[in-house]
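J.: Next input, structure requested:
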Amino acid sequence: MLADSDVRLDAWVHGHVQGVGFRWWTRSRALELGLTGFAANKPDGRVHVVAQGPRSACEQLLDLLTTGGSPGRVDKVITDWSEPADAIAGFTER
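T.: Here you go, the predicted model:
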């Protein structure tokens, strides 16, 4: 895989990340980086973030998710990197 080829990032964000504007904040950062995907609340309190685009942009989003500045409180982020799936239009909150 080329250094900046398109990838898919699946990130499961743990902490106090629901009901605080976290998905909206994530969507805004992802769109600024030119990524597509979604941020979805999970029943157990996590937020699942899927981002597709250049690896460097996905890494920047992951850095933003883990280093603070987001609404709420992020305790940890579990990630999985893979080839991009079917095309996703835009970046949505689910």
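
J.: Find the residue at the geometric middle of the chain.
T.: Among the residues of the chain, Val49 comes closest to the average C-alpha position under CA atoms, centre = their mean, at 3.7 Å.

J.: tell me which element that one is part of?
T.: strand 47-54 (DSSP states H and E).

J.: low pLDDT regions in the protein?
T.: Low-confidence segments of the chain (pLDDT under 70): 1-3.

J.: I'd guess Ser56 is in a strand, am I close?
T.: No. Per DSSP: H, G, I helix; E, B strand; the rest coil, Ser56 lies outside any strand segment and is helix.

J.: Just list the residues touching the residue nearest to the centre of the chain, thanks.
T.: By CB atoms under 8 Å, 6 or more residues apart in numbering, the residues touching Val49 are 9-13, 26, 30, 37-39, 61, 65. Every C-beta, even on glycine, is put in place using the N, C-alpha and C of the backbone.

J.: which stretch of helix or strand covers the residue nearest to it when sequence neighbours are not counted?
T.: Nearest non-adjacent residue to Val49, counting by CB to CB, 6 or more residues apart in numbering: Ala11, 4.4 Å away. Using DSSP H and E, Ala11 falls within strand 6-16.
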